[in-house]
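# Provided below are the primary sequence and the corresponding predicted coordinates.
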Amino acid sequence: MITRDQIATILEEIALLLELKGENPFKIRAYRTGAEVVQTHSEDLLALAGEEDLKPLEAVKGIGSALAKKFHELVTTGKLAFYDDLKAEFPETIFELFEIQGLGPKKVKALYEELGIDSAASLKTACEKGEVAGLSGFGQKTEKKILEAIAFQEANADQFRMGHVAPQVEEIRDALKAHPQTTRVEVAGSYRRGKETVHDLDFLVATPKPKEIMDFFVSQPFVESVINHGSTKSSIRLEDGLQCDLRAVSPEEYPCALVYFTGSKEHNIALRSLALKQGYSLNEYSLSPAEPKSPKTKTTSQASNVTPKKKPPAIHEEADVYKALGLDYIEPELRENAGEIEAAANHSLPRLVETGNLHGTFHNHTTASDGQNSLREMADAAMELGLEYLGIADHSKSSFQANGLDEKRLLKQVAEIRKLNDEFGKKFRIFAGTECDILKDGTLDFDEATLAQLDYSVASVHSSFTLGEAAMTKRIIKAIESPYITMLGHLTGRLLLKREPYAVDIPAVIDAAAATGTIIELNASPWRLDMDWRWWRLAAEKGVRCSINPDAHRTAALQFLYLGVKSARKGWLTKNDVINCLPLSKIETELQRKRASASK
DNA sequence: GCCGTTTTCGGCCCGACTGTTTTCAGTCG
């Protein structure tokens, strides 16, 4: 049975191929709209498409008679002749060219028709030979930019975004857990540590029958190919190229193995040297008495510091490993050898924020701009997640591409929100806001009189990414100096594995946020996770508060909050650092704090 | 290809930026 996502992918590919053929851009847009609709429409479109009478399907906005017929063909036969014919006209690898930043349909078409370039590899070769610069419409700079974009892609080729592998992690973990011979299962490695991107997945199981688990693992339906198949260790590749390693250990070995395979490498090295100082040897299987050093190596000062061999305490859990070394339990997200071991030794580790601490969230979109669900649908979804409040922040008028709201439409939305809030009573609240564009010179897309009518506002950069660092920093700081800008959205504009962050002096922005009382967003979109976790300790030290925001453009995307929480934890944040851990009864005062103090 | 009609064809989202041009096409948000 074909899925919604598969149909959407087919429609997207049709759109790309039609662009290559120079088709009517509005026809192309219709296919893209169709892809959106099939993914997000609340009715069961696949069921409607299976019917003989397609009238109900055609009644759906964005679907006309042509698309309805194609859906019907896909659902009933699993194929689409129109798509197959179209695809047959071009090599499969042509899609790679669309992934390269700076290349759109026109340039891809020229490259394909003039030079026969049909893959990223052949494009790279042509650029290196200087052939591309000679094409009409291309030049030296374009050629250089293409090479840079290809290099960026190559550098990230084996990397995957945490948020995008999460469903696969769940599937694999569930499959392993369901096996009767596994007593414990966990995903380890950088995924468990909450890294924003990972290059593979490491699973660990405790089992008395490792061989049986290995045979089971390599024969699962999610396996695209088997890389290694041993008796305690196997590696497979998933369809999207992601490598997954599985290690099987005995239940006794499991706690030490989990520490070892969670890493980081630097954290493990520090742990092992700490163990050695205490007379233990720590490896991937056990914590054991350290063997006395041989006379040859005894001359080093470190070896002479080793205390006599002693019997380690019993280890049942991962926490016991840390306890045996005189440490508090260190959460996986903190294991980067960035001071966590010292903090664990003197009992000063932070109590990290948890998803369950969140009472609400800000920065979400609706159909008013480029979101796919209505105000009410977004509110209902937030309530289902157990949240008490939801901040709406649709795009402002300068974001034309996102159907940004002008003052009139914004105030109309505010009125709608107030009306819905009357209906919700005390149990739930929508906060009316905006994602206000920061224009090139740092001025805001709305004047303060307009912003003052909102409950809060997020300021974000969506244009002129190529300003130099000094100008960009000045621009952002100017924007957040407005008393009506409650929080700063996606600080660096990065798109993980796709677009580098723009140049900006992050410590200077953090200082300005501290000085002005501006909250900084941790944008929890799987593409962004921006501001990066590496900066949050500094921000928190300076007294800057964080808001974990999913930047949801559809109800399902509210779930991305958990990614933001993982990143916040990796940045050592506690619930006191995160404003959306405040209950509804207290959040409003917090939103008003900045403008209230400015008016004093 | 969809929509909405002044019911059967015309309109469909705008502007900045870049690099190529020598007045603008292509890409991006």
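Happy to help now that I have it. Numbering: from 1, shown residues only, chains lettered A, B, ... in the order given.

# going by C-alpha atoms from here, please, whenever you check contacts or count neighbours.
Noted.

# for A:P251, what are its contacts?
The contact partners of A:P251, by C-alpha atoms under 8 Å, 6 or more residues apart in numbering, come to A:183-184, A:206-208.

# shouldn't it be within a helix?
No: applying DSSP: H, G, I helix; E, B strand; the rest coil, one finds A:P251 to be coil, outside a helix.

# any idea how far it is from A:G230?
19 Å (C-alpha to C-alpha, to the nearest Å).

# among the contacts of A:P251, name the buried ones.
A:183-184, A:206-207 (16 or more other C-alpha atoms under 10 Å).

# DNA strand B: which of the residues you listed is nearest?
Taking C-alpha to the nearest atom of the strand as the measure, DNA strand B sits nearest to A:R184 out of those, at 42.5 Å.

# surely the closest one touches A:A206?
Yes: A:R184 lies in contact with A:A206 (C-alpha atoms under 8 Å); the separation is 5.0 Å.

# where does the stretch 101-250 of chain A have low pLDDT?
By pLDDT under 70, the stretch 101-250 of chain A has no low-scoring segment.

# and it, which of its residues are near DNA strand B?
A:101-108, A:133, A:135-143, A:145 (C-alpha under 7 Å from any atom of the strand).

# domain ranges for chain A, per the record?
A:4-155, A:160-251, A:259-345, A:355-599 (automatic domain parsing).

# worst average pLDDT in the ones you listed?
Ranked by mean pLDDT, the domains of chain A bottom out at domain A:259-345, which scores a mean of 81.

# enumerate every residue touching A:A479.
A:A479 neighbours (C-alpha under 8 Å, 6+ apart): A:438, A:442-444, A:459, A:485.

# so which of the residues you listed comes closest to A:R418?
Nearest to A:R418 out of those is A:I485 (C-alpha to C-alpha; 20.5 Å).

# hang on, the closest one is in a strand, isn't it?
No: counting by three-state DSSP, A:I485 is not part of a strand but coil.

# neighbours of A:E384, how many?
Neighbour count of A:E384, defined by other C-alpha atoms under 10 Å: 10.

# A:S369 contacts A:N403, doesn't it?
Yes: judged on C-alpha under 8 Å, A:S369 makes contact with A:N403 at a distance of 4.7 Å.

# who are the contact partners of A:E239?
So A:E239 contacts A:222-224 (C-alpha under 8 Å, 6+ apart).

# need the residue closest to the centroid of chain A.
The residue lying closest to the centre of chain A (C-alpha atoms, centre = their mean) is A:P526, at 1.6 Å.

# spit out the contact partners of the residue lying closest to that residue once chain neighbours are set aside.
Beyond its immediate neighbours in the sequence, the residue positioned closest to A:P526 (C-alpha to C-alpha, 6 or more residues apart in numbering) is A:G163, lying 4.7 Å away. Residues near A:G163 by C-alpha under 8 Å, 6+ apart: A:196, A:525-527, A:560, A:563.

# just to revisit the earlier point, of the residues of the stretch 101-250 of chain A next to DNA strand B, buried ones?
Using 16+ other C-alpha under 10 Å, the buried members of these are A:101, A:103, A:105, A:107-108, A:133, A:142-143, A:145.

# rewinding a little: return the closest of the buried ones among the contacts of A:P251 with respect to A:T355.
A:R184 (23.3 Å).

# would you mind measuring from that closest one to A:A248?
10 Å.

# same thing with A:S463?
Distance of A:S463 to A:A248, given as C-alpha to C-alpha: 50 Å.

# still on that earlier bit, reformat the buried ones among the residues of the stretch 101-250 of chain A next to DNA strand B as JSON lines; add secondary structure.
Shown next, in JSON lines, are these (three-state DSSP):
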{"residue": "A:Q101", "secondary structure": "coil"}
{"residue": "A:L103", "secondary structure": "coil"}
{"residue": "A:P105", "secondary structure": "helix"}
{"residue": "A:K107", "secondary structure": "helix"}
{"residue": "A:V108", "secondary structure": "helix"}
{"residue": "A:A133", "secondary structure": "helix"}
{"residue": "A:T142", "secondary structure": "helix"}
{"residue": "A:E143", "secondary structure": "helix"}
{"residue": "A:K145", "secondary structure": "helix"}
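
# quick one: which of these is nearest A:A275?
Looking across these and measuring by C-alpha to C-alpha, the closest to A:A275 is A:Q101, at 48.3 Å.

# who's in contact with that closest one?
A:146, A:149.

# one more time with 6 Å
Residues in contact with A:Q101 (C-alpha atoms under 6 Å, 6 or more residues apart in numbering) are A:A149.

# kindly report the same for the one 10 residues further on.
The contact partners of A:L111, taken as C-alpha under 6 Å, 6+ apart, are A:I117.

# work out for me the element it sits within.
helix A:105-115 (DSSP states H and E).

# could you do A:L176 as well?
Using DSSP H and E, A:L176 sits in helix A:162-178.

# so what are the sheet partners of the helix or strand just after that helix and their directions?
Under the assignment DSSP H and E, the closest C-terminal helix or strand after helix A:162-178 is strand A:184-187. In the sheet, strand A:184-187 lines up against strand A:200-206 (antiparallel) (DSSP bridges).

# next helix or strand past the strand it pairs with?
helix A:210-218.

# so what's the gap between the following helix or strand past that next one and the chain middle?
Per DSSP H and E, the first helix or strand lying C-terminal to helix A:210-218 is strand A:225-229. Its chain's C-alpha centre and that of strand A:225-229 lie 28 Å apart, by C-alpha atoms, centre = their mean, to the nearest Å.

# now the element after strand A:225-229, going C-ward?
Proceeding N to C from strand A:225-229, the next assigned helix or strand is strand A:233-237, under DSSP H and E.
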